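Visitor: Okay, predicted coordinates and the sequence, questions at the end:
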Amino acid sequence: MLPLNRWFSLLLIFIVSISQANVLRAASPSNPFSSQKSDVKDGEKEIDNSESPRFMMKRFVEILSGDDIDAAFPFIEFPKGLNLEQRRIMVEELIDVLNKRGNIEVTMISNSPGGSLTDDIHPELEKIGSILTTPSPIPIVLRFSADKTRKGWRFSAEFMEKIPEVAELLNRTDLENHLPPQLIANKIFGVKLWQWIGLVVAIALSILSAWILAWILYHVMRRLVKRLQVVVPDEIFTSFITPLRLFTGLSIFSVSILFLDTGLGFRQRLVYFETISLTISFCIFALRLTTAVIELSRLNYERQGKHSSTAMLGPLRKGLSCLIVVLCAISLMRSLGFDVTAVIAGLGIGGLAIALAGQKTIENLFGGISIIMDQPVRVGDFGRFGTTLGTVEDIGLRSTKVRTLDRTLVSIPNAEFSHMTLENFEKRDKFRWLSNLGIRMDASADQLRLVLMQIKELMLSHPMVYKDPARVRFVSFGESAFNLEIFAYIKASSHNEYIAVVEDMNLRILDIIRGAGTDLAYPSQTLFLERGTGVDKEKIREVEKKIADIKEKDGFPQPYYPSSWAEDKFDTLDFPEGSSAKD
């Protein structure tokens, strides 16, 4: 980004260059206000149609500059009943009114022989501007005459009837009535001395007001941002100072120039420069605004931890900046008198050709945008993407890179990735725990009952296990074991935390099984003769007695585990083991 003083320098150089070119153009046949047709090729400079209202008005602007009353007669449709002297007076008044209060932008007048057909007036009439008077402006209306001797566009008789009244009003309020004769009589390049003085004052007033208003707006925006408690870097505020100064300065200059009563031709050149300057100002403002919005979005995404979302902000900023520059360039070409129709058509055809040639690239680009906006996965997420299991390492413009469990890097085009079935393990709200246990076939029914009850009690009392569902059931008889199924959800935010909880639960369950006098079954069948203690008879008697006491005292809770039995067991264990549950 160029410094602010550089932008001012470039703008001044550009405006001065245009002004010098305009001075030379005024003395050459290619002057945009000249009556001669341009010989520039079609597609470069728009050729004026000799029968159009624009061509007529350009010819009449030359008459205004030279105060040539006799040359103005063919361009005017006089009201009926006027003699030659009255017509001459009316022409003098028309020239005076247009020079003082005429508001006409010649380049915006229709170049068609039939005029503009989009306005709301009769097809034979054409509105080309207005006379700035109070309380409301008076429209400047042309009428097309099909008379063979005087065929063409002329000021309408209805408009000419209002000219004497407007001229009288301007004479009563004319600033020149209160100025010394020397300031009025002396002219420099056809402009009165007092108007040059007023022009200098208007420029100075515009610059001073632009600085003051830009300073006020800058501090108002800063206070507003502080009240809204939004974090905005100072660089973003300072980047708007230059376009704010340009906008305010040009706006004030445009208003103040209306009170100088300069000639219409001179004002046309000023409007010409103002349009170019405003276009450049808008371009700078739009570029700075785009940069500010992208930067604020980046900061917002980083605060939210959405680092993958910032990947597309750089290309998005470049694309928007290119679009803004192209639109401003087209607007400048239109203001300079070029025919932009062929340029726009060429851009459309070129864009279509690029789109067809880079179809896959564009498809991948939009696929990447959809992934970043929808965010089914983010950088660092672990999941299953189609048939690939791994961790997302990067989401780029063309492809998404996944690091597999084998530590290989898989690159998947975004267009293909966005159509895959994406299973994101990182977005699980809880982990499922499903385990199957095999208890030895020589365990008694009471031993199984005790094991089931104590495992259920363990699940209810463990703080890292969801209480619903927390299920443990004797589900089937296996070939060599009684099969128990354990099902629950674990309160964990990561896989490492999940396996730590499962490990703790497994160790506690192993203690429960062996504490009940039984053990886990072997997965194979073995026939052996053993002379020894075999099953611990004492443990079996203890278990049978414990089951009998439970049945006699409170009733055995299986198979439904009533809430009255479960409530006093919630979160009563220490996890990790050996620490306080409150800690």
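Guide: All right, it came through fine.
Visitor: who's in contact with the residue lying closest to P164 once chain neighbours are set aside?
Guide: Distances taken as CB to CB, 6 or more residues apart in numbering put E93 closest to P164, at 6.0 Å, once the chain neighbours are dropped. C-beta here means a position set from N, CA and C on the backbone, and glycine is covered the same way. Each residue near E93 by CB atoms under 8 Å, 6 or more residues apart in numbering is listed here: 163-164, 166-167.
Visitor: Hmm, N103 and G129 touching each other?
Guide: Yes: with contact defined as CB atoms under 8 Å, G129 reaches N103; the gap is 5.2 Å.
Visitor: Please say which of the two ends up with more neighbours.
Guide: G129 (20 against 16; other CB atoms under 10 Å).
Visitor: any idea where the helices of the stretch 151-300 of the chain begin and end?
Guide: In the stretch 151-300 of the chain, the segments counted as helices under DSSP state H, counting those that start in this stretch are 157-161, 163-172, 181-185, 193-227, 234-239, 241-256, 264-303.
Visitor: closest one to I499 among the ones you listed?
Guide: Among the helices of the stretch 151-300 of the chain, helix 264-303 comes nearest to I499, with 31.6 Å by CB to CB.
Visitor: next SSE after the closest one?
Guide: Next along the chain after helix 264-303, taking DSSP states H and E as the criterion, comes helix 313-335.
Visitor: who's in contact with that following helix?
Guide: Taking CB under 8 Å, 6+ apart as the rule, helix 313-335 contacts 107, 272, 275-276, 279-280, 282-283, 286-287, 290-291, 294, 297-298, 301, 340, 343-344, 347, 365, 397.
Visitor: helix, strand or coil for E51?
Guide: Of the three states, E51 takes coil under DSSP: H, G, I helix; E, B strand; the rest coil.
Visitor: That one: neighbour count?
Guide: 16.
Visitor: List the contacts of it.
Guide: E51 is in contact with 113, 151-153, counting by CB under 8 Å, 6+ apart.
Visitor: can you rerun that using 6 Å?
Guide: By CB atoms under 6 Å, 6 or more residues apart in numbering, the contact set of E51 is P113.
Visitor: now I412
Guide: I412 neighbours (CB under 6 Å, 6+ apart): 399-400.
Visitor: State whether it is indeed within a strand.
Guide: Yes: assessed with three-state DSSP, I412 lies in a strand.
Visitor: what's across from it in the sheet?
Guide: Taking DSSP bridges as the rule, I412 bridges to T400.
Visitor: How confident is the prediction for it, by pLDDT?
Guide: With respect to pLDDT, I412 scores 87.
Visitor: How much space separates the residue nearest the centre of the chain from K427?
Guide: The centroid of the chain falls nearest to V293 when counting by CA atoms, centre = their mean (7.1 Å). Applying CB to CB, to the nearest Å, the value for V293 to K427 is 29 Å.
Visitor: Could you do A488 as well?
Guide: Taking CB to CB as the measure, A488 and K427 are separated by 20 Å.
Visitor: neighbour-wise, which of those two wins?
Guide: Each of A488 and K427 has its neighbours counted (other CB under 10 Å); A488 has more, 25 against 12.
Visitor: Direction included, what does whatever helix or strand the more buried one lives in pair up with?
Guide: Under the criterion of DSSP H and E, A488 resides in strand 481-490. Paired strands of strand 481-490, with direction, are strand 431-440 (antiparallel), strand 465-477 (antiparallel) (DSSP bridges).
Visitor: Check the ones you listed for me and report the most buried one.
Guide: Compared across those, strand 431-440 shows the largest average neighbour count, a mean of 16 (mean count of other CB atoms under 10 Å).
Visitor: how about the host helix or strand of I513: buried residues?
Guide: If you go by DSSP H and E, I513 is part of helix 495-515. Buried residues in helix 495-515, counting neighbours by 16 or more other CB atoms under 10 Å, are found at 498, 500-502, 504-505, 508-509, 512-513.
Visitor: swap in stretch 482-496?
Guide: Buried residues in stretch 482-496, counted by 16+ other CB under 10 Å: 482-484, 486, 488-490, 492.
Visitor: secondary structure class for P559?
Guide: Going by three-state DSSP, the secondary structure assigned to P559 is coil.
Visitor: For T275, grab the count of nearby residues.
Guide: By other CB under 10 Å, neighbour count at T275 equals 19.
Visitor: Check the gap between the closest residue to it other than its chain neighbours and Y498 for me.
Guide: Computed as CB to CB, 6+ apart, the closest residue to T275 that is not its neighbour in sequence is S335, at 4.6 Å. Distance of S335 to Y498, given as CB to CB: 67 Å.
Visitor: Then L193?
Guide: For L193, the distance to Y498 - CB to CB - is 89 Å.
Visitor: Same check on R223?
Guide: Going from R223 to Y498 by CB to CB gives 50 Å.
Visitor: what's the answer for V402, then?
Guide: Counting by CB to CB, the gap from V402 to Y498 is 22 Å.
Visitor: same thing with Y272?
Guide: Distance of Y272 to Y498, computed by CB to CB: 73 Å.
Visitor: now stretch 81-91, how far from the chain's geometric center?
Guide: Mean C-alpha position of stretch 81-91 versus that of the full chain (CA atoms, centre = their mean, to the nearest Å) differs by 60 Å.
Visitor: buried sites along that stretch?
Guide: 87, 90-91.
Visitor: Redo those residues as JSON lines? Include pLDDT.
Guide: Below are the buried residues of stretch 81-91 laid out as JSON lines (pLDDT from 0 to 100):
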{"residue": "R87", "pLDDT": "87"}
{"residue": "M90", "pLDDT": "88"}
{"residue": "V91", "pLDDT": "86"}
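Visitor: Which helix or strand contains V392?
Guide: strand 388-395.
Visitor: which helices and strands sit right next to that strand?
Guide: On a contact count with 3 or more CB pairs under 6 Å, 6 or more residues apart in numbering; DSSP states H and E, strand 388-395 meets strand 399-404.
Visitor: Recalculate using a threshold of 8 Å.
Guide: Judged by 3 or more CB pairs under 8 Å, 6 or more residues apart in numbering; DSSP states H and E, strand 388-395 is in contact with helix 359-374, strand 382-385, strand 399-404, strand 409-413.
Visitor: Least reliable of the ones you listed by average pLDDT, please.
Guide: Mean pLDDT values for the helices and strands packed on strand 388-395 show the minimum at helix 359-374, a mean of 72.
Visitor: Next, the angle from that one to strand 388-395.
Guide: Per axes from the mean of the first three to the mean of the last three CA atoms, to 10 degrees, the angle that helix 359-374 makes with strand 388-395 is 90 degrees.
Visitor: Packing partners of helix 359-374?
Guide: Where contact means 3+ CB pairs under 8 Å, 6+ apart, helix 359-374 is packed against strand 388-395, strand 399-404, strand 409-413, helix 414-417.
Visitor: switch to 6 Å and redo it
Guide: Using 3+ CB pairs under 6 Å, 6+ apart, the elements in contact with helix 359-374 are helix 414-417.
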